[in-house]
Structures are given as C-alpha cells and as structure tokens.
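> task: produce atomic coordinates for the following.
(one chain, ligands or ions: 2)
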Amino acid sequence: MIYTVTLNPSIDYIVEVDELKLGELNRMKRDLKLPGGKGINVSRILNQLGAQNTAIGFLGGFTGHYIDDKLKQDQIATDFVFISDDTRINVKLKHGDETEINGLGPAISTEEADQLVNKLSVLKQGDVLVLSGSVPPSLGGNFYERLIAVCEEKGAEFVIDTTGKALLEALPHGPLLVKPNHHELSELFETEINSREELIAHGRKLLERGAKHVLISMAGDGALLVTKDEVYHANVPKGQVKNSVGAGDSMIGGFVGTLVLSNDALEAFRTGVASGSATAFSDDLADRAKIDELLPQVTITRL
Ligand SMILES: Nc1ncnc2c1ncn2[C@@H]1O[C@H](COP(=O)(O)OP(=O)(O)OP(=O)(O)O)[C@@H](O)[C@H]1O
Ligand SMILES: O=P(O)(O)OC[C@@]1(O)O[C@H](CO)[C@@H](O)[C@@H]1O
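Numbering: from 1, shown residues only. Ligands and ions are numbered 1, 2, ... in the order given. This is a model prediction of the structure:
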C-alpha cells in the first residue's frame, strides 16, 4: 500500500487575468478551485494509474472539508487528522506568467500532531510512504524526521519531496526516491550546475548519501534517472504548456505508482515523465487518458 502524507494541504485557487495591474482592480477571466498540496497531488495521480493509496495529513475547517469531499468524490481513500484551524488557500495567478502565493499553513497542536504519528502504526514492510511539501511552521522543523523514524521501525520505504536541510537529513535513512529539479539540486549543494555531467555528478552524491533512486527533472528540457548502476535520460513530450503546478508531483506519482505496480524502474521513469508532462499540458492534474497518450512519446536512453 502507498500512503501519501500532506502536512500542509491547500485549496489551490487558480485565477486567470489577461493582464495583472498591481495597485488596481483586476477582474478574473477564469477561476478554478482544486484540492492541492503535494502529497494530495501524488495521490490523485496514483489514483489515475490504479495504484492503491491512502492520502493522510492534516485538514481543518471549511477548506479542509472541501478537500476531503473532493478526494472522496474521486474515490481516493483518505485518513486525515481533522484539526481545529483552517487548511490554507494557495493562490495561483496566471497572467501570461504564473505567480504563486502560498499560505503558511494552520496552527497544529501537539495532540493533533501526535494523532498523525499514531496513524502510521499501520505501516508494514512493503508499504511506501510519500512525504511531500512544506511543513506548517507550528509543527516545528523536524517533523519529517519523526515520520521517517516510524517508517524505519516498521520496515516501510519512504519517498521524500522536500528541499534543503530536511532533504539532506533524510538521505542517510535511505529514501526510495528523491526528485530535485535542477535548480533545487544547485541550491542543495550551494553550487552552480552548468552541464548534464555536473547534474549527474550531484545526483550521484545523493545516492552516495543514501537515496535509492534520484530523479532530476528539468521541466521542458528532459529528465535524468540516476541509480547505483546506471544513468538514464528521458526526453519530454512536446505540447502546449497550460499549467506547471503539480507537474513535479505528477512525476513522483507516475514513478512511485509504476514502481510499486511493476517493480521496473525504467518503466516507472517513463510513466513519471509522461505524467509530469500530461499535467503540464492540462488545466488540472493529468488524467489517465492524457498520460497514456504521451507515454509512447517518451524515449529513455542509457548514458
Ligand atoms: N514545459 C514542459 N514541457 C513538457 N513537460 C514538462 C514541462 N514542464 C514540466 N514538464 C514535465 O513535468 C516534469 C516535472 O517538471 P519540473 O522539472 O518543472 O518539476 P518541478 O520543478 O518539481 O515541478 P513543479 O512546477 O510542480 O514544482 C518534467 O520532468 C516533465 O515531464
Ligand atoms: O507550500 P508547499 O507545500 O511547498 O507547496 C504547495 C503547492 O504549491 O504544491 C503543489 C504543487 O506542487 C500545489 O498543489 C500546492 O499549492
């Protein structure tokens, strides 16, 4: 079973204007509300791929109920801790470019935090826990470490999609997958990365520190999969980009879901890329039909 953890879910409020005039009244051309947060996005893609999963994390208030209802409508299994503060609303402003304004996240009490940790007591060998996205400040900086400790105790695998110190600290615990984009990789090692060779060298460093698979995404410029034996490159399909929000989460969902279903890392890589691009070419996250349409356009090359 796959569990996704979203400590800081959001309603993604997508607002489109023709032109953004700061300091003036702008009228929306279109708007859309989506259940969001990185782990929830991973669950939505897993669901499209038929990979059984449960979305867990914290939800609260009217915004939290909205998300829970939407996920249930899509037959996604959920087991959230309901908190007394409201889940955040993140604004995604499309004005030719994409500008995002993400909320900090709700207040979460010690009791509420403990309830989430207790939910992980169901984990067992063979399960995969996907830890994705920001940690609400009220939870403190090392909350992911607590969840990783439960995974280790139960013999479950974990995937972590975060940045900076939290990612570096997770590596010695052997994540099944990490997926920095090329900018995040430079920031992580506080260095400029200017070539594919340098990307691979830094990807290898993540492996040396403990990661089992390293995916390096480069938006429209392809992706790399670095494993202990080999390095692979994937092209990305061509298409009209409508939305990049959730492309990275879709890639993780495609990879993890396929790896769990088939145990084939290359097929997982191919599906991850197709899922990321299918989201980039959709208004909402990708659906199965779009992923299937793009799969034949992804070619994997061993480097
Ligand atoms: N312009 C694009 N054209 C085709 N595919 C894309 C494009 N942008 C993103 N993708 C797809 O989505 C995957 C992840 O994209 P990206 O490298 O932007 O990840 P990210 O930075 O984690 O994404 P996010 O915007 O969700 O934070 C890519 O590997 C690719 O498959
Ligand atoms: O604030 P975080 O947790 O870092 O990111 C949250 C978020 O931007 O990530 C998803 C896209 O990846 C969106 O659904 C959501 O709004």
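> going by C-alpha atoms from here, please, whenever you check contacts or count neighbours.
Will do.
> ok, the nearest residue to Leu294 once chain neighbours are set aside to Pro237 distance?
Among residues not flanking Leu294 along the chain, Ala274 sits closest, at 5.5 Å (CA to CA, 6 or more residues apart in numbering). The spacing between Ala274 and Pro237, counted by CA to CA, to the nearest Å, is 7 Å.
> okay, and the common contacts of the two?
Common neighbours of Ala274 and Pro237, using CA atoms under 8 Å, 6 or more residues apart in numbering, are 294, 298.
> tell me which of the two has more neighbours.
Higher neighbour count among Ala274 and Pro237: Ala274, with 31 against 21, using other CA atoms under 10 Å.
> list the contacts for the more buried one?
Applying CA under 8 Å, 6+ apart, the residues near Ala274 are 236-237, 251, 254, 291-292, 294-295, 298.
> mind running it again at 6 Å?
Residues near Ala274 by CA atoms under 6 Å, 6 or more residues apart in numbering: 291, 294-295.
> between those residues, which is nearest ligand 2?
Ile291 (17.8 Å; CA to the nearest ligand atom).
> part of a strand, is that closest one?
No: going by DSSP: H, G, I helix; E, B strand; the rest coil, the assignment for Ile291 is helix, not a strand.
> hmm, who's touching the host helix or strand of Ile56?
Using DSSP states H and E, Ile56 sits within strand 53-60. Strand 53-60 is contacted by residues 1-7, 77-87 when judged by CA under 6 Å, 6+ apart.
> ChimeraX command to pick out the buried ones of those residues?
In ChimeraX, this line selects whichever of the contacts of strand 53-60 come out buried by 16 or more other CA atoms under 10 Å:
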select :2,3,4,5,6,7,77,78,79,80,81,82,83,84,85,86,87
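> avg pLDDT for stretch 237-257?
Average pLDDT, stretch 237-257: 94.
> just how off-centre is it within its chain?
10 Å (CA atoms, centre = their mean, to the nearest Å).
> that stretch close to ligand 1?
Yes: on the criterion CA under 6 Å from any ligand atom, stretch 237-257 is in touch with ligand 1 at 237-238, 241, 244-249, 251.
> circling back: reformat the contacts of Ala274 as JSON lines; add distance to Glu152 and pLDDT.
Formatted as JSON lines, the contacts of Ala274 follow (distance: CA to CA, whole Å; pLDDT from 0 to 100):
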{"residue": "Ile291", "distance to Glu152": "33", "pLDDT": "97"}
{"residue": "Leu294", "distance to Glu152": "36", "pLDDT": "97"}
{"residue": "Leu295", "distance to Glu152": "34", "pLDDT": "97"}
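> just these now: which is nearest Ala149?
Nearest to Ala149 among those: Ile291, at 34.3 Å, using CA to CA.
> the closest one and Arg270: what is the separation?
Taking CA to CA, one finds Ile291 at 10 Å from Arg270.
> swap in His183?
22 Å.
> and Leu32, what element?
For Leu32, the host element (DSSP H and E) is strand 30-36.
> counting by contacts, list what that strand packs against.
Judged by 3 or more CA pairs under 6 Å, 6 or more residues apart in numbering; DSSP states H and E, strand 30-36 is in contact with strand 10-16.
> the strand it packs on vs ligand 1: in contact?
No: figure legend: strand 10-16 not in contact with ligand 1 (CA under 6 Å from any ligand atom); closest approach 12.8 Å.
> sheet partners, orientation included, of that strand?
Sheet pairing here is set by DSSP bridges, and for strand 10-16 it gives strand 30-36 (antiparallel), strand 88-95 (parallel).
> near ligand 2, anything from that strand?
Yes: counting by CA under 6 Å from any ligand atom, ligand 2 is contacted by strand 10-16 at 10, 12.
> send the alpha carbons of the helix or strand hosting Arg270 over as PDB?
Applying DSSP H and E as the criterion places Arg270 in helix 265-280. Output of helix 265-280 as PDB, limited to C-alpha atoms (Å, rounded to 0.1, in the frame of the first residue of the first chain):
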ATOM      1  CA  ALA A 265      12.500   1.400 -12.600                       C
ATOM      2  CA  LEU A 266      12.700   2.300 -16.300                       C
ATOM      3  CA  GLU A 267       9.000   1.900 -16.900                       C
ATOM      4  CA  ALA A 268       8.500   4.000 -13.700                       C
ATOM      5  CA  PHE A 269      10.800   6.700 -15.100                       C
ATOM      6  CA  ARG A 270       8.900   6.700 -18.400                       C
ATOM      7  CA  THR A 271       5.500   6.900 -16.700                       C
ATOM      8  CA  GLY A 272       6.800   9.600 -14.300                       C
ATOM      9  CA  VAL A 273       7.900  11.800 -17.200                       C
ATOM     10  CA  ALA A 274       4.600  11.200 -19.200                       C
ATOM     11  CA  SER A 275       2.600  12.000 -16.000                       C
ATOM     12  CA  GLY A 276       4.600  15.200 -15.400                       C
ATOM     13  CA  SER A 277       4.100  16.400 -19.000                       C
ATOM     14  CA  ALA A 278       0.500  15.300 -19.100                       C
ATOM     15  CA  THR A 279      -0.100  17.700 -16.100                       C
ATOM     16  CA  ALA A 280       1.900  20.500 -17.700                       C
END
